[in-house]
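Novice: below are the sequence and a predicted model for it; my questions follow.
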Amino acid sequence: MESGVEQDGIGITWAQPHQLFVIYLLSGSIHFRKSEDDAATWEEAVEIFASGDYPNIAADPANGLLYAFRHDGSDLVSKRSVDGGATWQSEIVVVSSCPAQQCGVTVRPDESYSIYVSYKDAGGAIQTAISKDNGLTWG
């Protein structure tokens with residue numbers, strides 16, 4: 001793995017046995033890497049966001065979709081990959097004017113196509129944004 005990864009900028013998840021995905025902040029941009037052998041080796045890094053902070057990642061083991069998240073200074077945004085991280089679709093705003101920089105994310109593993117993202121609102125209360133269509137829309 002690269003040196004210089006920023007302390008508050010790393011997330012890791014799995015999708016299938018022996019398969020790991022990591023997302024990290026390096027020199028102001030957010031990168032993704034994949035391992036197919038329990039982290040013994042890693043594929044080359046792919047830049048998925050040119051800027052942003054506090055990346056996070058989730059995988060849906062039911063369909064193999066990957067979801068990457070970042071805070072862009074104002075909004076909490078996401079990108080989705082349908083091919084194991086080789087390519088990433090356009091950004092989608094999950095929460096506009098999101099005061100929280102970090103978020104927690106999980107995928108419901110029962111083919112409900114649901115993704116949950118929790119964050120603190122401006123008043124400090126925990127809120128949850130939910131997508132019920134594989135991350136295409138959020139409410």
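Specialist: Yep, it's here.

Novice: list the buried residues in stretch 129-138.
Specialist: 129, 131, 134, 135, 138 (16 or more other Cβ atoms under 10 Å). The way it works is simple: take the backbone N, C-alpha and C, and place the C-beta from them, glycine included.

Novice: how about stretch 100-120?
Specialist: 100, 102, 103, 105, 107, 113, 114, 115, 117, 119.

Novice: same deal with stretch 28-44?
Specialist: Per 16+ other Cβ under 10 Å, stretch 28-44 contains these buried residues: 29, 30, 31, 32, 33, 34, 35.

Novice: tell me the contacts of the nearest residue to residue 41 once chain neighbours are set aside?
Specialist: Nearest residue to residue 41 in three dimensions, chain neighbours excluded: residue 35, at 6.3 Å (Cβ to Cβ, 6 or more residues apart in numbering). Contacts here follow Cβ atoms under 8 Å, 6 or more residues apart in numbering; on that basis residue 35 touches 18, 19, 20, 21, 22, 41, 42, 43.

Novice: give me the phi and psi angles of the fourth one.
Specialist: Think residue 21. phi -130, psi 130 (degrees, to the nearest 10).

Novice: wait, it touches residue 56, no?
Specialist: No. At 11.1 Å, residue 21 and residue 56 do not qualify as touching, with contact defined as Cβ atoms under 8 Å.

Novice: report the contact partners of residue 32.
Specialist: 21, 22, 23, 45, 46, 47, 48, 57, 68, 85, 88.

Novice: filter the residues you listed down to the buried ones, PyMOL style.
Specialist: Buried members of the contacts of residue 32, defined by 16+ other Cβ under 10 Å, are picked up in PyMOL with:
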select buried, resi 21+22+23+45+46+48+57+68+85+88
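
Novice: in TSV, list the contacts of residue 32 along with secondary structure and pLDDT.
Specialist: Output for these, formatted as TSV (DSSP: H, G, I helix; E, B strand; the rest coil; pLDDT from 0 to 100):
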residue	secondary structure	pLDDT
21	strand	95
22	strand	95
23	strand	94
45	coil	93
46	strand	93
47	strand	95
48	strand	96
57	strand	95
68	strand	96
85	coil	94
88	coil	96
